[in-house]
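Trainee: when you get a sec, could you give me coordinates for this:
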Amino acid sequence: MTWILGIDTASTQLDLGLVNDGAAVCSYSRYSPGSHAEHIAQAVEFFLKTNDITPDTICCAGVTVGPGSFTGLRIGIAFVKGFFLTRATRALPVSSLEAIAMAWNGADGTFEVGMDARQDQVFCARFSKEGGTVTRLTDDSRKPLQSFLRSLDSVDFVLVDTLGYKKSRVPQAAADCTRAYTLDSHPLLRGLAAARKASELAGVGDEWLSPPELLPRYLQESAAETRKKVHGA
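Mentor: Just a heads-up that it's a prediction; the model follows:
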């Protein structure tokens, strides 16, 4: 049996999934901003107990590495590094935007996934879905909001994650351009999607890393890094 763990902490929703021999076994979602570190270990322990397995049974993991919340991504990556510290387990870094795309259980078509990056910027990537198969059409990128909105004329719908930003302008602006789904109201099983991605690759290819090699992919500087450059402290 091949047990694979999936973890997504890129947004305000903590999401985990467990796959065995390619089949989804269970998932865990908790929408509680600022509580990922408190609940991630408990959720994994729940997976182990309910399936009567041990940490050694988990052969590999798919973990979202960005873009997304700076703090959230660090929590998920740090947990994977600690959980597999004494085992020769491989980890697959998964795009947070691709995890959303793979978790989408709605209609087929071409769609854009966007995350509010603040300061009128959007993290985004384009995908298509046909017959249950999701195909990536563009790389992950960061665009000005207006540039992002202009690009939506050629898609069937857009999935928007505000990353918990209550003043986000992206959902309403995107709704004016196309069919928009805000993920705060349409939660998806992103952790399960990350586990499925890892299961599909099954250790093949050069994307796999040892857990200590995992690093977040932010696509932009943090506010603290920007202030340090500006003020020199």
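
Trainee: burial measure for the closest residue to Phe84 other than its chain neighbours, as a count.
Mentor: Excluding its sequence neighbours, the residue lying closest to Phe84 (C-beta to C-beta, 6 or more residues apart in numbering) is Pro211, at 4.5 Å. Bear in mind the C-beta positions are built from the backbone N, C-alpha and C, glycine included. Neighbours of Pro211 under the rule other C-beta atoms under 10 Å: 22.

Trainee: and what of Ser96?
Mentor: Count around Ser96 with other C-beta under 10 Å applied: 32.

Trainee: just to check, it is in contact with Thr64?
Mentor: Yes - between Ser96 and Thr64 there is a contact under C-beta atoms under 8 Å: 4.4 Å.

Trainee: shared neighbours of these two, which are they?
Mentor: 8, 10, 73, 190 (C-beta atoms under 8 Å, 6 or more residues apart in numbering).

Trainee: domains in this protein, by residue range?
Mentor: Domain segmentation of the chain under automatic domain parsing yields 3-97+188-231, 106-182.

Trainee: what is the most widely separated pair among the shared contacts of Ser96 and Thr64?
Mentor: Leu73 and Arg190 (12.7 Å; C-beta to C-beta).

Trainee: surely Gly34 is in a helix?
Mentor: No - secondary structure of Gly34 (DSSP: H, G, I helix; E, B strand; the rest coil): coil, not part of a helix.

Trainee: pLDDT score for it?
Mentor: In this model, Gly34 is scored at 83, pLDDT.

Trainee: same thing with the one 10 residues further on?
Mentor: According to the per-residue confidence, Val44 scores 97 in pLDDT.

Trainee: middle-most residue in this protein, spatially?
Mentor: Centroid-nearest residue in the chain: Ser96, 2.8 Å away (criterion: C-alpha atoms, centre = their mean).

Trainee: poorly predicted segments of the chain, please.
Mentor: 203, 220-233 (pLDDT under 70).

Trainee: that older thread, list phi and psi for the residue nearest to the centre of the chain.
Mentor: For Ser96, the backbone dihedrals (degrees, to the nearest 10) come out as phi -60, psi -40.

Trainee: which SS state does the spatially closest residue to it that is not a sequence neighbour fall under?
Mentor: Take Ser96 and drop its neighbours on the chain: the residue closest to it by C-beta to C-beta, 6+ apart is Ala10, 3.8 Å away. Secondary structure, three-state DSSP: Ala10 is coil.

Trainee: rewinding a little: okay, the shared contacts of Ser96 and Thr64 in JSON lines with neighbour count and distance to Ala103 next?
Mentor: Formatted as JSON lines, these follow (neighbours: other C-beta atoms under 10 Å; distance: C-beta to C-beta, whole Å):
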{"residue": "Asp8", "neighbour count": "32", "distance to Ala103": "9"}
{"residue": "Ala10", "neighbour count": "34", "distance to Ala103": "12"}
{"residue": "Leu73", "neighbour count": "26", "distance to Ala103": "17"}
{"residue": "Arg190", "neighbour count": "32", "distance to Ala103": "5"}
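
Trainee: between these, which is nearest Thr138?
Mentor: Ala10 (18.3 Å).
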